[in-house]
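Give me the fold of what follows.
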Amino acid sequence: MNISALAEAEKLLFIARQSLSEGKLPQAIDMLNKIVTDYPDFSKAHITLADIYFNKLQDSTTAEEYYKKAIAIADMNTDAFTGYANLMLQQEKYPEALSMLNKAMAIKGAPKDTIYMLLGKLYEMQGRLDDAIGNYKKCITTTLSNSVLEEAELALKRCEVKKKYI
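Residues are numbered from 1 along each chain as shown. Next up, the predicted model:
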């Protein structure tokens, strides 16, 4: 994609995300569909659509299709890998989730706190509480976000409570 096409795609994505933040979901989806039609190699639009279908519309089938397209287009985009891993966690497809998280972790500049949080969830869901605790601790020590820190700390405490009953 050339520079001017990329700039136009980014501009349209900004508009779509603004519509989304204003609660205008149909307009955002329409804009994003236009972007993926006009700029099929623009992975950020595919990821945004996947996130909408997964988080807002609870349509995991369509979300999975968009995550896979984004990964095929830009295999260095950690948002695609972490979004898809989260979807796989929801479906209890642990090997697939782990594979996506390992790929994300290998990308330079990847958001380690997000990946550690998802690894913690993966292991917690499998009942591997010590592994979960280790990843939640790594999340806490790598994050610069207070909200992520608080979420990881609560998850850590939850695992400690669970350990008392096993």
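
Can you list the low-confidence ranges for this structure?
Judged by pLDDT under 70, the chain has no weakly predicted residues.

please redo it, this time with the cut-off set to 90
Scanning the chain for pLDDT under 90 picks out 1-2, 6, 74-77, 166.

would you list every one of the helices in it?
Applying DSSP state H to the chain gives helices spanning 3-21, 25-38, 43-51, 60-73, 78-90, 94-105, 112-125, 129-142, 146-164.

Tabulate those in CSV, adding columns for mean neighbour count.
Any C-beta I mention is one placed from the backbone N, CA and C, and that applies to glycine too. Compiled in CSV, the helices of the chain are given as follows (neighbours: other Cβ atoms under 10 Å):
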stretch, mean neighbour count
helix 3-21, 15
helix 25-38, 16
helix 43-51, 24
helix 60-73, 19
helix 78-90, 23
helix 94-105, 19
helix 112-125, 22
helix 129-142, 19
helix 146-164, 14
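
what distance separates the start and the end of stretch 87-95?
Length of stretch 87-95, first residue to last, Cα to Cα, to the nearest Å: 12 Å.

Now do the same contact list for the residue positioned nearest the centre of the chain.
Closest residue to the average C-alpha location of the chain: Gly83 at 2.4 Å, with Cα atoms, centre = their mean. The contact partners of Gly83, by Cβ atoms under 8 Å, 6 or more residues apart in numbering, come to Ile47, Ala50, Asp51, Phe54, Ala63, Tyr67.

now Ile15
By Cβ under 8 Å, 6+ apart, the contact list for Ile15 reads Met31.
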